[in-house]
Structure formats: C-alpha cells, structure tokens
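Asker: show me how the following folds:
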Amino acid sequence: IDLAKATDRGIVVMNTPGGNTVSAAEHTFGLMVALARHIPQAHASLSAGHWDRKTFTGVELHGKTLGVVGFGRIGQAVAQRALAFGMTVLANDPYIMSDLSYGTGVELLSLDAMLARADFVTLHSIVSDETREMINAETIAKMKDGARLINVARGQLINEADLAQALDSGKLAGAALDVYQQEPPPENHPLIGHPKVVHTPHLGASTSDAQVAVAVEAAELLITALRKEEYSNVVNPDVLTV
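Answerer: All right, here's what the predicted structure looks like:
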C-alpha cells in the first residue's frame, strides 16, 4: 500500500499485528528445536537410506540462554515458550524501558551484552535504518562461539554473505531461516542447501488459525471504524489530522 497516496486521499490504513503472533512464535520455536537437534538433516539422511546417529548429535534447549532481539508481541510470546522449556531469556529492544519486566527470567540488556551470552539468538525486529543488516560480520564476532541464529522476522536484518562465512568458519553452529533478503532466494544462494541451515519459505504466519485471526481482527477494526469512527493500529496516523 502506498501510504503517502492513501494519506493524501484521506484513506485510513490499519493493520492486524496480533493475528499471527502465536503462529510466528510457534514457528520460531519449531525452527529452534529443529536446529538444535538437526531434525531436517536427519530426516533427509534417513530418507536417503542412511542410518547415522552420531552425525546428528544435537544439544538440549533446557539450561541454554536465548537472546530475543525485538521484544514486541512475537518476541514476548517466544520468550514465554522458552521459559517453559527451562531456558534463560535475555531480551534487547531499544523501545522498551530498561526497568520494564515481562516475567521472571527475562533480562533486558544491550545488544552487545546479550549477544555475548546467548546460545541461541532469535530476531523479531522491524526493518529500519538502525536494524537493517544488524547481523553482520561485526555483530557476529560478538556472539558466542558455536551460537545459533533464528530469523522469522525480515531477511533484511541479516547480511547473508557474512552469515554464510560465519557458518563456514565454524564461528556459528547453525542458523534457521524463514525469511531472506530476496524472496524467493536466487539460484546459488549461499544459505539455501547449506548443511548447517534449516530453512522454510516464509511460513511464520502460514497457519489456518492465523488467517482466521487476522480476518476477524480486520473485520472488527472496520466495524469499529464505520460505526464509531474510532481507529486502531493506524499505520498512517497523519491522515487523522488532515
């Protein structure tokens, strides 16, 4: 949607940010489990006729530290699930007050401090000038050796060439990706088919439940706007002052 043109024409544009929260959080956690236990690689190996138990020795999530970058609805939902698995949860979000607590075990830190402690890092930030390619050679160097990265937010948050190099060098043990700089990814993409990468084709919100939730939320927003002229989740707020 061209927000500038919509605003010029007095059209209010609203979104439905809550409808896919559970689906995106569950997909994030599913990818993290698959990454920790090499599930896709083991499935492919067995499907090819191999019985290889040693190659796919994984790690537990229990007792590990999860770093959540972007602590909005989805980030908080992922944190709740991680706490239930017995993980320590760290969070980083420049828009969250440092003294704001979201529950026992969630500690708000600077990005550098969080990266230095996290065994798993999951991204849930919006794309902005500050966050574009925030995961790059410089920030990866600050991560723990053998850490694992999950991205179910936006592909533009990661410098993919730097991530591929970190995986090849062994700096990072693995990555799980649902989003990419270009979708669909081009041929010969360095991360597609990489043995240390679990990947899905932007499925974070792709559940029948999320589609229904988004539709219901959109209908409720429209009904309220038409009946009461009250607006929520407006993405072009300037239109309300025109």
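Asker: phi and psi next, for the residue nearest to residue 119 when sequence neighbours are not counted.
Answerer: Distance criterion C-beta to C-beta, 6 or more residues apart in numbering; nearest residue to residue 119, sequence neighbours excluded, is residue 64 at 4.2 Å. For every residue, glycine as well, the C-beta is placed using N, CA and C. Note on residue 64: its backbone torsions stand at phi -90, psi 170 [degrees, to the nearest 10].
Asker: from the chain's centre, how far out does stretch 39-53 sit?
Answerer: Its chain's C-alpha centre and that of stretch 39-53 lie 27 Å apart, by C-alpha atoms, centre = their mean, to the nearest Å.
Asker: how about that stretch, which residues are buried there?
Answerer: 39-42 (16 or more other C-beta atoms under 10 Å).
Asker: OK, contacts around the residue nearest the centre of the chain?
Answerer: Centroid-nearest residue in the chain: residue 152, 3.2 Å away (criterion: C-alpha atoms, centre = their mean). Residue 152 makes contact with 24, 27-28, 31, 74, 122-124, 178-179, 204 under the criterion C-beta atoms under 8 Å, 6 or more residues apart in numbering.
Asker: now it: how far from residue 203?
Answerer: Per C-beta to C-beta, to the nearest Å, residue 152 is found 9 Å from residue 203.
Asker: what do you get for residue 131?
Answerer: Residue 131 is 22 Å from residue 203, by C-beta to C-beta.
Asker: who has more neighbours, the two?
Answerer: Neighbours were counted for residue 131 and for residue 203 using other C-beta atoms under 10 Å; residue 131 has more, 18 against 15.
Asker: quick check: pLDDT value at that one.
Answerer: Looking at residue 131, its pLDDT is 94.
Asker: surely it and residue 125 touch.
Answerer: Yes: with contact defined as C-beta atoms under 8 Å, residue 131 and residue 125 form a contacting pair (4.8 Å).
Asker: now the common contact residues for those two.
Answerer: Between them, residue 131 and residue 125 share these contacting residues under C-beta under 8 Å, 6+ apart: residue 157.
Asker: show me what contacts residue 135?
Answerer: 123, 149, 151, 157-159, 162-163.
Asker: return the member of those nearest to residue 115.
Answerer: residue 149 (10.1 Å; C-beta to C-beta).
Asker: got a list of what the closest one touches?
Answerer: Residue 149 is in contact with 120-123, 135, 143, 158, 163, 172, 174-176, counting by C-beta under 8 Å, 6+ apart.
Asker: for it, list each beta-bridge partner.
Answerer: Here residue 149 sits in beta bridges with residue 121, residue 175, as judged by DSSP bridges.
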